[in-house]
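# Structure, please.
(one chain, ligands or ions: 1)
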Amino acid sequence: MYNTAMTTAALFQFHRESQAHMRCQDNLDFMRPLATGSMQLIVTSPPYNIGKSYESRKPLESYVAQQAQVISECVRLLRPSGSLCWQVGNHVQDGEIFPLDLVLYPLFREHGLRLRNRIVWHFEHGLHCSKRLSGRYETILWFTKSEDYVFHLDPIRVPAKYPGKKYFKGPKIGQLSGNPLGKNPGDVWIFPNVKNNHVEKTVHPCQFPVELVERLVLALTNRGDAVLDPYMGVGSSIVAALMHDRVGYGCDIVPEYVQTAQERVAALRDGSLRTRPMHKPVYDPSLPKGGHA
Ligand SMILES: C[S@@+](CC[C@H](N)C(=O)[O-])C[C@H]1O[C@@H](n2cnc3c(N)ncnc32)[C@H](O)[C@@H]1O
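As a prediction, this is how the structure comes out:
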């Protein structure tokens, strides 16, 4: 168990030997024995109660009550400087949509969590709707437990549109006006979703792109910190955590997903796991080779 009282040497040994703690288990059972305040980042995407193969559809009230239990346990596990990122889309019932971030937001506020960003994740591919506009975004609610939270902007900066732009008047005339490390990525994130032609595609019907979790890991944690995904699926969050020397904790109730997560972690360790690089531009058919030259 991660313990802040461990010596540096013991901690190093611990990270080298057991960076990933993954179980095929219900998330409440997995989380209850974990130490209070042990997780720097909890990042997850729960079922949306829309009848996917891994969930049983239930009345919205029952779904929310179940989410309340999981969220409550997550808040207990979160460090005072920690962040909780809940990635959701819409629950759909009889053609009517219920944006789950709106539905679930009060549950986080009840625990005193503070919303820092409502990140819009835009992607190009998905179902083509005939009676409403096709959905091409989902959201990530990023909450912190306190005002004193970890946030690193530099590792997640993206290239500026005009990197050589300079002040043309005033005391800084002639100096670069932007940050040479790039600009703040903003709160609209464009990452391809993991469909059949995506390099990360596995058996899971709706996995996270690893690059999306990498951005959260780099911004919201430090090296050696613990990252938990209580609905880990095929372990995309664990992979992102391990790629950046964090410790990953995760569980899922479907044995095939947990097995795949273990295989992905093994592939990461032997250098054979392929992930889409964080800074690769999105394919643009108007450019030569889609801009991937
Ligand atoms: C939207 S998927 C998450 C996919 C994941 N982000 C990934 O990249 O693979 C939700 C996952 O929650 C799992 N799940 C559902 N109920 C669960 C429970 N009570 N405890 C743990 N996992 C659960 C499902 O099996 C499913 O894989």
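# going forward, measure contacts and count neighbours with C-alpha atoms only.
Noted.
# sec struct for residue 43, please.
Going by DSSP: H, G, I helix; E, B strand; the rest coil, the secondary structure assigned to residue 43 is strand.
# can you pull up the bridge partners for it?
Residue 43 forms beta bridges with residue 85, as assigned by DSSP bridges.
# Now do the contacts for residue 152.
Applying Cα atoms under 8 Å, 6 or more residues apart in numbering, one finds that residue 152 lies in contact with 218, 219, 220.
# hmm, the longest helix seen in the chain touching the ligand?
Using DSSP state H to assign secondary structure, the helix with the most residues in the chain is helix 60-77. No - no part of helix 60-77 sits near the ligand under the criterion Cα under 6 Å from any ligand atom; the closest distance found is 8.6 Å.
# Now do the buried residues in that helix.
Neighbour-count burial for helix 60-77, with 16 or more other Cα atoms under 10 Å as criterion, is recorded at 60, 64, 67, 68, 70, 71, 73, 74, 75, 76, 77.
# Give the pairing partners of the helix or strand residue 141 falls within; include direction for each.
According to DSSP states H and E, residue 141 maps onto strand 137-144. Paired neighbours of strand 137-144 in the sheet (DSSP bridges): strand 78-88 (antiparallel), strand 114-122 (antiparallel).
# Would you mind getting the angle between it and helix 60-77?
Relative orientation of strand 137-144 with respect to helix 60-77: 40 degrees, computed using axes from the mean of the first three to the mean of the last three Cα atoms, to 10 degrees.
# For the helix or strand following strand 137-144, give the mean pLDDT please.
Note on strand 137-144: by DSSP H and E, the next helix or strand toward the C-terminus is strand 188-190. Mean pLDDT, strand 188-190: 97.
# What is strand 188-190 packed up against?
Contact here means 3 or more Cα pairs under 8 Å, 6 or more residues apart in numbering; DSSP states H and E; on that basis strand 188-190 packs against strand 114-122.
# how far away is residue 222 from residue 244?
Here residue 222 is placed at a distance of 9 Å from residue 244 (Cα to Cα, to the nearest Å).
# dump the residue contacts of the nearest residue to residue 166 once chain neighbours are set aside.
Sequence neighbours aside, residue 176 is the residue nearest to residue 166 in space, at 4.2 Å (criterion: Cα to Cα, 6 or more residues apart in numbering). Taking Cα under 8 Å, 6+ apart as the contact definition, residue 176 lies against 164, 165, 166, 167.
# Go again with 10 Å.
Under the criterion of Cα atoms under 10 Å, 6 or more residues apart in numbering, the neighbours of residue 176 are 163, 164, 165, 166, 167, 168.
# Next: residue 252.
Residue 252 makes contact with 22-27, 30, 54, 229-235, 258, 261, according to Cα under 10 Å, 6+ apart.
# Inside strands: which ones of these?
Of those, the ones assigned to strands by DSSP state E are 22, 23, 24, 229.
# Quick check, residue 214 in contact with residue 245.
No - Residue 214 is beyond contact range of residue 245, at 11.2 Å (criterion: Cα atoms under 10 Å).
# Which of the two has more residues huddled nearby?
Neighbour totals were compared for residue 214 and residue 245, and residue 214 leads with 23 against 18 (other Cα atoms under 10 Å).
# you'd agree the more buried one is in a helix?
Yes - assessed by three-state DSSP, residue 214 belongs to a helix.
# Residue 213: what's it in contact with?
For residue 213, the residues meeting the contact criterion (Cα under 10 Å, 6+ apart) are 43, 44, 85, 219, 236, 237, 238, 239, 240, 241, 278.
# how close does the fourth one get to the ligand?
When Cα to the nearest ligand atom, to the nearest Å is the yardstick, residue 219 and the ligand sit 18 Å from each other.
# Name the helix or strand for that residue, please.
Assigned by DSSP H and E, residue 219 falls within helix 210-220.
# For residue 251, which three-state class applies?
Under the three-state scheme (three-state DSSP), residue 251 adopts strand.
# That one reaches residue 46, doesn't it?
No - contact status for residue 251 versus residue 46: not in contact, 11.8 Å apart, counting by Cα under 10 Å.
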